[in-house]
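Peer 1: Sequence and computational prediction follow.
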Amino acid sequence: MTLFQKGGLIVSCQARADNPLHGPVFMAAMAEAAEDGGAVALRVNGVEDISAIKAVTHLPVIGIFKMFDHDPVYITPMLGAVDALVEAGADIIAYDATFRARPKGDPVEAILERIHAHGKLAFADISTFDEGVAAAAAGADIIATTLAGYTAETQGTRGAGPDLELVRRLSQALSIPVIAEGRYNTPALAASGLQAGAYGVVVGTMITNPREITRSFVQELQQG
Ligand SMILES: CC(=O)N[C@H](C=O)[C@@H](O)[C@H](O)[C@H](O)COP(=O)(O)O
């Protein structure tokens, strides 16, 4: 079970079905670009994209399996999803470790146990300080602020920027790596994640989603 390099950039290469860049060919190209640019790891959704990316890069892959019909808990909610991610070549498995009810999913303790049974590191996506502490106590290897601002409880905190205070508090309280993830939309914000104590920073939208990047430019021009 090896962890990626400390202080580095993890690039999230994801494109949903409605995105013109959806599909393994585009995501593999994104992953190669991220590797060339100096990323230390990748975050990737689904078995097809993971298989394609493992074939073209040497970077460790944090695999997730988004199941939107499992709303509200959609990040790797099932044991079968964990097995599929491992089979596809994921090195680390990320899963929803929030306190939310999981009406269609398997219990979070079982997900964690299955990840470890495969000999993989467990990357807990959380939204609050208490969830991060609980996930670490349960045995997660890495805690990430991925869902801060995206749960009913934290929606009001989303604002424009990332939740740096959450990174700061978790980094001080925990002895395992804390990853800053969610709305690190500029290089300076990513650096501030490390300054807040993060082990690494995940950036997705502003590197791998040209449609959203375009929208942000257009919006700024229209406001000007
Ligand atoms: C909330 C949720 O489902 N987040 C997802 C998790 O995999 C992705 O859609 C994000 O792009 C990723 O977390 C990186 O964040 P950002 O795109 O803000 O750099």
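Peer 2: Nice, I can see it. Numbers count the residues shown, from 1 in each chain.

Peer 1: For Val40, what are phi and psi?
Peer 2: When read as degrees, to the nearest 10, the backbone of Val40 gives phi -100, psi -10.

Peer 1: wait, isn't it in contact with Gln5?
Peer 2: Yes. Judged on Cβ atoms under 8 Å, Val40 makes contact with Gln5 at a distance of 4.3 Å. From N, CA and C alone the C-beta is placed, and that goes for glycine too.

Peer 1: what touches both of the two?
Peer 2: Listed contacts common to Val40 and Gln5 are Gly200; contacts here mean Cβ atoms under 8 Å, 6 or more residues apart in numbering.

Peer 1: of these two, who's got more company?
Peer 2: Val40 (18 against 13; other Cβ atoms under 10 Å).

Peer 1: how near is the closest residue to the more buried one other than its chain neighbours to Leu166?
Peer 2: On the basis of Cβ to Cβ, 6 or more residues apart in numbering, the spatially nearest residue to Val40 that is not a chain neighbour turns out to be Gly8, at 3.1 Å. In this structure, Gly8 and Leu166 are 20 Å apart, going by Cβ to Cβ, to the nearest Å.

Peer 1: Quick check: residues of the protein near the ligand?
Peer 2: By Cβ under 6 Å from any ligand atom, the residues of the chain that approach the ligand are 12, 14, 64, 146-147, 150, 181-184, 202-205.

Peer 1: Who wins on neighbours among the residues you listed?
Peer 2: Comparing the residues of the chain next to the ligand on neighbour count, Glu181 comes out first with 29 neighbours (neighbours: other Cβ under 10 Å).
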